[in-house]
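Engineer: This is a predicted model, with the sequence first.
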Amino acid sequence: MNDFRFGVGEAIEAGLDWLLGTFSEAFSIVRTTLATLNDLLVGLLTWPDWWVVTLVLAGLGWIVKSWKLALGTALGFTLIAGMNMWEHAMDSLGLVTISTFIAAVIAIPLGILAASSNTASAIIKPIMDFMQTMPPMVYLIPALVMFRVGVVPGMVATILFAMVPGVRFTELGIRGVNAEVVEAGQAFGASRFRILRQIQLPLAMPTIMAGINQVIMLSLSMVVIAGMVGAGGLGGQVTSALSSIDAGLGFEAGIAVVVLAMYLDRLTALKKKS
């Protein structure tokens, strides 16, 4: 009985070896590009004093929503600074921002493709099911093999793990557009691209933004796991707390993650409603 085995693991390892041997230069370019983007964004967030960034983020919250979000932002980010978690929080915010942007850039076109073709939808849906049910830590292994220890494998794993809701909600939103509205556009001679750009996407935007909201939340949930491969940030602090059994450090990092999550959730939730 023990001799009966499907060599799935061996096949995956062979595939990774082939990818590394064939596209090593491409992986190197991706690694350098993502690391540079992360360094630039984190540098921008950590260059001013913490209170300056807090005022900017609070002002953004006031502009797009209300003074209540601005006040909550000011209090929350002041708490982060008071716990000496500021630089780690900005590291995580940079990782989440870049990961969310790239995930959205990939997910929205895939969702549009799935909504415009039943064949494409039949192919994409099982892939999304597979990606969504795969344990998130598994994504770290091939990312670590291809991009080595650091922030980049954490970012790549976050993108793969978090992009699924963006695809699903984009397809759902476009398919949910009233068919009569689309037919009216066709009756006036609008091209397929124009119907997509001027009718379907605007009407589907609340649903798409709900998907982006979920992408952000999944990215934040992946921050802690990404700390295990040297991504740093708040995830690195949680990993350090686990290794040293430091409950205080772990809770401080966890509270900082909650503050970031609440802030980003409120911003995207507002855009979804508007």
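Structural biologist: Everything's here; your move.

Engineer: Run a quick neighbour tally on L34.
Structural biologist: When neighbours are defined as other CB atoms under 10 Å, L34 has 22 of them. Yep, even glycine has a C-beta here, placed from its N, CA and C like the rest.

Engineer: what do you get for F251?
Structural biologist: F251 is flanked by 13 other residues according to other CB under 10 Å.

Engineer: From L234, how far off is it?
Structural biologist: Using CB to CB, to the nearest Å, F251 is found at 12 Å from L234.

Engineer: Repeat that for A120.
Structural biologist: For A120, the distance to L234 equals 37 Å [CB to CB].

Engineer: out of the two, which sits in the busier spot?
Structural biologist: Using other CB under 10 Å as the criterion, A120 and L234 rank with L234 on top: 29 against 15.

Engineer: tell me what the helix or strand hosting the more buried one is packed against?
Structural biologist: Under the criterion of DSSP states H and E, L234 resides in helix 233-244. Contact analysis of helix 233-244 by 3 or more CB pairs under 8 Å, 6 or more residues apart in numbering; DSSP states H and E lists helix 86-116, helix 201-226, helix 247-273 as its packing neighbours.

Engineer: That one: which residues count as buried?
Structural biologist: Going by neighbour count (16 or more other CB atoms under 10 Å), the buried part of helix 233-244 is 233-239, 241.

Engineer: what does stretch 198-217 give?
Structural biologist: Under the neighbour-count rule (16+ other CB under 10 Å), stretch 198-217 has 199-201, 203-205, 207-217 buried.

Engineer: ok, now stretch 70-77?
Structural biologist: Within stretch 70-77, the residues that qualify as buried are 70, 72-74, 76-77, counting by 16+ other CB under 10 Å.

Engineer: Over to stretch 218-230?
Structural biologist: Buried residues in stretch 218-230, counted by 16+ other CB under 10 Å: 218-220, 222-230.

Engineer: Compute the distance between T46 and T100, please.
Structural biologist: Applying CB to CB, the value for T46 to T100 is 19 Å.

Engineer: ok, the two, which is more surrounded?
Structural biologist: T100 (26 against 17).

Engineer: That one contacts S219, doesn't it?
Structural biologist: Yes. T100 is within contact range of S219, at 5.3 Å (criterion: CB atoms under 8 Å).

Engineer: Read off the pLDDT value for L57.
Structural biologist: pLDDT recorded at L57 is 93.

Engineer: so which helix or strand takes in it?
Structural biologist: For L57, the enclosing helix or strand under DSSP H and E is helix 50-64.

Engineer: From the contact counts, what lies against whatever helix or strand comes next after that helix?
Structural biologist: Per DSSP H and E, the first helix or strand lying C-terminal to helix 50-64 is helix 67-82. Packing contacts for helix 67-82, counted by 3+ CB pairs under 8 Å, 6+ apart, involve helix 50-64, helix 86-116, helix 247-273.

Engineer: Could you dump those helices into a markdown table with distance to V167 added?
Structural biologist: Formatted as a markdown table, the helices and strands packed on helix 67-82 follow (distance: least, CB to CB, whole Å):
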| stretch | distance to V167 |
| --- | --- |
| helix 50-64 | 25 |
| helix 86-116 | 5 |
| helix 247-273 | 17 |
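
Engineer: How many residues are close by R175?
Structural biologist: Residues contacting R175 under the criterion other CB under 10 Å number 16.

Engineer: let's have the chain start at 270 instead
Structural biologist: Right, with 270 as the first residue, what we last looked at is R444.

Engineer: gap between the most centrally placed residue in the chain and P404?
Structural biologist: Closest to where the C-alpha atoms of the chain average out (CA atoms, centre = their mean) is T369, at 3.3 Å. For T369, the distance to P404 equals 21 Å [CB to CB].

Engineer: Same check on L429?
Structural biologist: 12 Å.

Engineer: Compare those two (neighbour count), which wins?
Structural biologist: More crowded of L429 and P404, by other CB under 10 Å: L429, with 21 against 9.

Engineer: Provide a list of residues in contact with the more buried one.
Structural biologist: Counting by CB atoms under 8 Å, 6 or more residues apart in numbering, L429 touches 400, 408, 412.
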